[in-house]
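**Student:** take a look and give me a structure for this.
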Amino acid sequence: MSKEFLAKNREQKAKSKAQRAKRKGCETLCSPLYAPRFVPYTICLTLLALCLLIVGGCATNTSTQYVRQNGDYSNFKRIAVLPFESLTTDEYAGEKIRKTVITELLSRGVDVVEPGEVTRVLIEQKIKSLGSVRTADLQNMAKTLGVGALMMGSVEAYGISRGISVSYPEVSINLRLVEASSGNIVWSVCQTSGGPNFWTRHFGAEGVSLSDAANIVVKEAIDALF
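**Tutor:** Numbers count the residues shown, from 1 in each chain. Prediction:
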């Protein structure tokens, strides 16, 4: 045999040996039987948990909003928040969310009429139900209170839901802003938060409280306006 042939043969054998070693190393690293030698088991669990969290670990949050385009909201710096209707088994849910909304508006620099003053005007104008209130009544109320807009709303879900092995808060609200001069709705939002988060669903960890969930829902709802 020629020296060239022998040299080429040795080179091919060396390449084949290197490829076999590389394949064996990959198979060993990827094999569940050998993985603990290279990757600590706790790290594997942590990576798996992070993957599950990214794929679908969050509670359900939905939002449907309407904002009138090219609207002038400069005169909405003073707002009256009317009593909210409660459509839940908690008869005080409407007032709880109303207080949260007022607090959120105040934190954003909005001048909000004292709730007691709103109640006084409702009584004076003999308005017993806001569900069937007329546009003219809203305009008169806004004029009396000296506001540029009235905020109305309802609470459709407010409570703790219980699954097979976990409990979690569910809050759903509907808010709308009525322009005082025209009586038209210029902003409306339906914001919902519900379902267990990743840690509650998979590990039974305690999630956010009902009041915290309500604060989050209100904040996300008003973000679209102010």
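
**Student:** going by C-alpha atoms from here, please, whenever you check contacts or count neighbours.
**Tutor:** Will do.

**Student:** in this structure T135 contacts G183, no?
**Tutor:** Yes. T135 lies in contact with G183 (C-alpha atoms under 8 Å); the separation is 5.5 Å.

**Student:** so between these two, which is more surrounded?
**Tutor:** Between T135 and G183, G183 has the larger neighbour count (other C-alpha atoms under 10 Å), namely 19 against 14.

**Student:** and that one, backbone torsions?
**Tutor:** Torsion angles at G183 (phi, psi; degrees, to the nearest 10) stand at phi 80, psi 10.

**Student:** repeat that for T100.
**Tutor:** Per-residue torsions, T100: phi -70, psi -40 (degrees, to the nearest 10).

**Student:** show the contacting residues for it.
**Tutor:** With contact set as C-alpha atoms under 8 Å, 6 or more residues apart in numbering, T100 has these partners: A214, N215, V218.

**Student:** how about the secondary structure of the first one?
**Tutor:** Classification of A214 using DSSP: H, G, I helix; E, B strand; the rest coil returns helix.

**Student:** and it, how many neighbours?
**Tutor:** A count of nearby residues for A214, using other C-alpha under 10 Å, gives 24.

**Student:** what's the answer for the second one, then?
**Tutor:** Other residues lying near N215 total 18 when counted by other C-alpha under 10 Å.

**Student:** and the contacts of stretch 103-111?
**Tutor:** F76, K77, R78, I79, V112, V218, K219, F226.

**Student:** in it, what's buried?
**Tutor:** Neighbour-count burial for stretch 103-111, with 16 or more other C-alpha atoms under 10 Å as criterion, is recorded at E104, L105, V110, D111.

**Student:** would you map out the domains in this structure?
**Tutor:** As given by automatic domain parsing, the domain ranges for the chain are 3-39, 57-222.

**Student:** which strand or helix spans P83?
**Tutor:** Secondary structure assigned from DSSP states H and E places P83 in neither a helix nor a strand.

**Student:** noted, bye for now.
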